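>>> just to be clear, the model below is a prediction. Sequence and coordinates:
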Amino acid sequence: MKAELEDFNKGIEAFEISRAEEVELFRLKYLSKKGELNDLFEKFKLVPLNVKKEMGQLLNLIKQKAENKWQEAKAEFDIKTNEIKISEIDSSLPSELSYTGSRHPLKIIENEVIEIFNKLGFVYSEGPEIEDDWHNFSALNFPANHPARDMQDTFFINGDIALRTHTSSVQVRLMEKGKPPIRAIMPGRVYRNEAISARANCFFHQVEGIYIDKRVSFADLKQTLFYFINELFGKDVKIRFRPSYFPFTEPSAEMDISCLLCSGKGCNVCKHTGWLEILGCGMIDPNVLASNKIDAEEYSGFAFGMGIERIAMLKFDIKDLRTYFNNDIRFLSQFESL
Ligand code: DAH
C-alpha cells in the first residue's frame, strides 16, 4: 500500500498542467469517482490494522495535495479564460440593435384616458376584481331580480361573491371610504359570461369616472365628456346624448360620437347612422348616494363608464376583439412603446 501511495504522490507531482483542458484531465485521472484516489480508498479498507493509522494519515495527506493542486490550477485557468474572453471583445464595433417591447394597445388607450382626466383633477383609483353582491349590484341600486345578476351574465364564485361585471363597483368603494368632494377615474378589468367572438369576450376593460360635490349638474357632465372626447379624438368630433337606463344613474344617457371614419356621412362601421356609441353616463341616483351614506339633499354627482377595447378598436382600426388577447407578436409590435 505504501508503495502505491508513493507512486500516486509522484504521479500528481509530475502531472503538468499547462493548458485549461488539462485541469479537467487531472481531475478525471485522480479525483473523480473513477479516479485513482478512489481506488486507493477502496484498497485502504483491506490494510492490516497495525499499519492502518499510518496509511490513513498518508492517504489523507496526498488526497489534500491532489485537491490543492487541482483547485489552484482551476483558479489560475479560470482567470486566464476570462482574460482571453475580454481581450476578444472589439469595443470599436457598432453594437447590435436591442429590441424594446411595445405597450399593449389597451394600455396605451387606458393611459391616455387617465391622463386627460388627470388634467381635470380626477384622481386614479382601483378596486378588486373579485367583488361581493353589495359593491357590484346592491349598493348600485340593482333590483333583486335584475337580469344582470343572472348566472347567464355574471361569473359567480360562491354565494354572493362574483367576478365584477363592471368598474362601477369601484364607485361604491370610493363613496364608502371618503366624503365628497370625490373626483376619480378608475380603470380595470371586468368579466361577463359571454361567448367569445370577434365582438365579445368573457373579460374586457373599462374606465369608470365619478364626480360628487355640491351642485354638480348634468351640464358639468356634458362639458367634462365633451372636453374628454375633444382631447382623445380631436376637435372635429361631435357628440350627442341619447336617453338610456342604468339602475345607478337618473337620468341616464348613452353618449355617441360622430363616426371617425366617415365623419358622420354614414358607413359600414357606424351602420350608416353616422354615430358611434362610446359610453354610458348619468347623474348618480339619490338611492346610490343614500346607500353609501352621502346626503343626497346636499350632494349630487355624475358618473360614466366606457369600454377600452371599443375605443382602441376605433383609434387603431382593429376589427377583431380576440387579437388583443392572442399575444401575437406581429400584432403587438405594431404599437408604439411610450
Ligand atoms: N357600468 C355600465 C356598464 O358596464 C357603464 C356605466 C354606465 C357606468 C353609466 C357608469 C354610468 O358610471 O353612469 O355597462
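Perfect, thanks for sending it. Being a predicted model, the structure only gives us computed values, none of them experimental.
>>> which residues touch whichever residue of the stretch 1-150 of the chain sits closest to the ligand?
Going by CB to the nearest ligand atom, the ligand is nearest to Leu140 of the stretch 1-150 of the chain, at 8.2 Å. Glycine gets a C-beta too; all of them are placed from N, C-alpha and C. Neighbouring residues of Leu140 by CB atoms under 8 Å, 6 or more residues apart in numbering: 168-169, 171-172, 247-248, 288, 291.
>>> tabulate the residues you listed (TSV), appending distance to the ligand.
Below are the contacts of Leu140 laid out as TSV (distance: CB to the nearest ligand atom, whole Å):
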residue	distance to the ligand
Ser168	4
Ser169	9
Gln171	7
Val172	11
Pro247	9
Phe248	6
Val288	10
Ser291	15
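>>> secondary structure class of Ile212, three-state.
Each residue gets one of three states, and Ile212 gets strand by DSSP: H, G, I helix; E, B strand; the rest coil.
>>> which phi and psi does the spatially closest residue to it that is not a sequence neighbour have?
Distances taken as CB to CB, 6 or more residues apart in numbering put Gly301 closest to Ile212, at 3.2 Å, once the chain neighbours are dropped. In this entry, Gly301 is assigned phi and psi values of phi -160, psi 170 (degrees, to the nearest 10).
>>> which ones are touching Gly301?
Residues counted as contacts of Gly301 (CB under 8 Å, 6+ apart) are 180, 182, 210-213, 216, 283-284, 289.
>>> hang on, the earlier thing: where does the residue nearest to the residue of the stretch 1-150 of the chain closest to the ligand when sequence neighbours are not counted land on pLDDT?
Of all residues beyond its chain neighbours, the one nearest Leu140 is Phe248 (4.1 Å), with distances taken as CB to CB, 6+ apart. In this prediction, Phe248 carries a pLDDT score of 97.
>>> just Lys53 next, same as before
At Lys53, the model reports a pLDDT of 92.
>>> do the same with Thr81
66.
>>> strands of the stretch 151-300 of the chain, residue ranges please.
Taking DSSP state E, counting those that start in this stretch as the test, the strands found in the stretch 151-300 of the chain are 156-158, 161-163, 182-191, 203-213, 239-246, 249-258, 275-284, 300-307.
>>> with distance to Ser102 added, can I get those in TSV?
As requested, those are arranged in TSV below (distance: least, CB to CB, whole Å):
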stretch	distance to Ser102
strand 156-158	34
strand 161-163	28
strand 182-191	19
strand 203-213	18
strand 239-246	31
strand 249-258	27
strand 275-284	25
strand 300-307	22
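>>> reformat these as CSV; add distance to the ligand.
Formatted as CSV, the entries for the strands of the stretch 151-300 of the chain read as follows, by distance: least, CB to the nearest ligand atom, whole Å:
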stretch, distance to the ligand
strand 156-158, 17
strand 161-163, 13
strand 182-191, 7
strand 203-213, 5
strand 239-246, 4
strand 249-258, 4
strand 275-284, 3
strand 300-307, 3
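>>> nearest to Glu22, of the ones you listed?
strand 182-191 (60.4 Å; CB to CB).
>>> what residues are up against Asp160?
Under the criterion of CB under 8 Å, 6+ apart, the neighbours of Asp160 are 132-134.
>>> quick one: buried ones out of the residues you listed?
Among the contacts of Asp160, those that count as buried by neighbour count (16 or more other CB atoms under 10 Å) are 132-133.
>>> now, which of the contacts of Asp160 lie within helices?
With DSSP state H as the criterion, helices contain 133-134 from among the contacts of Asp160.
>>> from the stretch 51-200 of the chain, which residue is nearest to the ligand?
For the stretch 51-200 of the chain, CB to the nearest ligand atom, closest residue to the ligand: His166, 3.4 Å.
>>> hang on, that residue packs against Val207?
No. No contact is recorded between His166 and Val207 when judged using CB atoms under 8 Å, the distance being 10.9 Å.
>>> quickly list what's touching both of the two.
Gly305.
>>> for Asp236, which residues are in contact?
For Asp236, counting by CB under 8 Å, 6+ apart, the contacting residues are Ser263.
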